[in-house]
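Engineer: just coords:
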């Protein structure tokens with residue numbers, strides 16, 4: 001009844017009673033969420049009392065979307081959350097939606113799960129190079145980044161890979177998780193953007209290790225030193241949790257020495273000290289370093305070597321493009337495949353073997369890259385003497401010309417020969 005109709009009532013007492021009665025009803029607008037009580041149920045309609053002037057109606061189309069199983073569970077007297085579509089239809093009823101209310105409630109429950117650190121079960125519905133797309137029973141989808149997947153199911157080796165598409169191999173292994181259920185925790189929820197980020201690793205490692213966050217990620221600054229716990233090992237580095245903030249120590253930041261097998265240095269649960277290198281995306285991506293907490297021994301040791309020196313080393317690792325040789329602890333170099341032999345080399349393993357002692361000549365030294373370029377073919381392995389160098393035309397000379405730290409075979413080095 002409109003205000004204009006109220007003025008037509010001559011009886012003041014009756015008019016006041018009606019006004020007081022109508023004021024008891026709750027005013028609603030489109031988009032409101034509210035709790036109501038089911039007062040009537042049939043095969044194609046639900047009537048819900050939400051305290052409005054008229055009962056709310058949930059029609060057949062809405063009930064079909066709800067599903068037969070969920071609809072069957074509902075009974076008169078049940079309290080349900082509803083969404084107000086139209087506060088007053090032409091017939092005076094309130095049009096309600098139970099589906100939109102359910103979606104809203106699902107997001108609220110997700111936010112609560114994040115707050116409480118609750119473990120949820122999700123189904124893997126898609127795999128890509130970045131991680132897993134998972135679905136909750138409610139139908140809401142979220143993403144598990146690769147960094148938050150249990151690494152024990154992805155990486156069966158902690159040896160550093162060279163010349164291989166590591167991510168392609170990882171994706172193949174993740175493909176086996178399709179249609180499987182995994183347990184996760186909620187890392188991030190943004191209802192306005194429909195964005196959810198999950199973590200499987202938080203369930204596998206953080207609960208097991210009992211790590212509690214004591215520092216807010218956005219409070220971290222480069223150079224800060226923290227106590228941390230190793231939570232995962234991968235071929236590209238280790239993940240650590242420092243004061244509750246997860247981050248990566250890349251393999252290049254583990255040690256000043258060359259690292260090929262991370263498992264020889266660390267295991268899950270090890271306590272380490274780390275330095276914050278970089279904080280990105282509001283603390284969601286943090287880079288740490290371990291090696292920078294100690295002086296770089298390379299800078300001191302390399303001073304005793306110069307280009308043209310013949311040194312003895314041990315073949316540490318063989319890759320498609322050459323062989324890594326350890327000269328001494330902390331001093332390593334690479335013999336490129338082209339510097340292994342004067343004949344065509346199909347693969348470095350045809351020339352050298354891991355553990356083999358070799359005599360090599362230093363072709364170049366890069367202090368910025370902490371790198372030595374070595375040659376095996378230019379040194380007589382019996383006498384240790386330099387036997388050849390490369391001219392611009394590719395002919396060999398009997399002596400290696402090395403001046404001013406230039407590499408024979410380069411344009412600058414050839415012009416000085």
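Structural biologist: Cool, got the structure. Given the structure is predicted, the values throughout are model-derived calculations rather than measurements.
Engineer: can I see the domain layout of the chain?
Structural biologist: 3-97, 104-207, 211-293, 297-416 (automatic domain parsing).
Engineer: just for this protein, where's the confidence low?
Structural biologist: For the chain, applying pLDDT under 70 flags the ranges 1-25, 154-170, 205-216, 282-284, 389-417.
Engineer: what's the burial count for residue 58?
Structural biologist: If you count neighbours by other C-beta atoms under 10 Å, residue 58 ends up with 28. Where C-beta positions appear, they are placed from N, C-alpha and C, glycine not excepted.
Engineer: can you tell me how far it is from residue 203?
Structural biologist: 37 Å (C-beta to C-beta, to the nearest Å).
Engineer: need the strands for the stretch 51-200 of the chain, in chain order.
Structural biologist: 56-58, 79-86, 94-97, 120-128, 131-135, 141-145, 181-190, 195-199 (DSSP state E, counting those that start in this stretch).
Engineer: mind putting the ones you listed into JSON lines with distance to residue 72?
Structural biologist: As requested, the strands of the stretch 51-200 of the chain are exported to JSON lines (distance: least, C-beta to C-beta, whole Å):
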{"stretch": "strand 56-58", "distance to residue 72": "15"}
{"stretch": "strand 79-86", "distance to residue 72": "14"}
{"stretch": "strand 94-97", "distance to residue 72": "19"}
{"stretch": "strand 120-128", "distance to residue 72": "24"}
{"stretch": "strand 131-135", "distance to residue 72": "24"}
{"stretch": "strand 141-145", "distance to residue 72": "27"}
{"stretch": "strand 181-190", "distance to residue 72": "25"}
{"stretch": "strand 195-199", "distance to residue 72": "29"}
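Engineer: ranking these by burial, who's on top?
Structural biologist: Comparing these by mean neighbour count (mean count of other C-beta atoms under 10 Å), strand 56-58 comes out on top with a mean of 25.
Engineer: strand partners (parallel or antiparallel) of it?
Structural biologist: Applying DSSP bridges, strand 56-58 is found paired with strand 46-49 (antiparallel), strand 94-97 (parallel).
Engineer: ok, and what's touching the first one?
Structural biologist: Outside strand 46-49, the residues within contact range by C-beta atoms under 8 Å, 6 or more residues apart in numbering are 36-41, 55-58, 63, 74, 80, 82, 96, 98.
Engineer: longest helix in the protein, by number of residues?
Structural biologist: helix 99-116 (DSSP state H).
Engineer: angle of that one against strand 79-86?
Structural biologist: Between helix 99-116 and strand 79-86, the angle comes out at 120 degrees (axes from the mean of the first three to the mean of the last three C-alpha atoms, to 10 degrees).
Engineer: check which residues of helix 99-116 are buried.
Structural biologist: Within helix 99-116, the residues scored as buried using 16 or more other C-beta atoms under 10 Å are 99, 100, 101, 102, 103, 104, 106, 107, 109, 110, 113, 114.
Engineer: out of the contacts of strand 46-49, which two sit at the greatest distance?
Structural biologist: The span of these, defined through C-beta to C-beta, is set by 37 and 63 at 17.1 Å.
Engineer: which of the two has more residues huddled nearby?
Structural biologist: Neighbour count, other C-beta under 10 Å: between residue 37 and residue 63, residue 63 has more, with 21 against 15.
Engineer: for the more buried one, what are its contacts?
Structural biologist: Residue 63 makes contacts with 44, 45, 46, 71, 98, as judged by C-beta under 8 Å, 6+ apart.
Engineer: quick check on those: which are buried?
Structural biologist: 46, 71, 98.
Engineer: and residue 141, what does it touch?
Structural biologist: 125, 133, 134, 135, 196.
Engineer: and it, what are its bridge partners?
Structural biologist: Note on residue 141: beta-bridge partners by DSSP bridges are residue 135.
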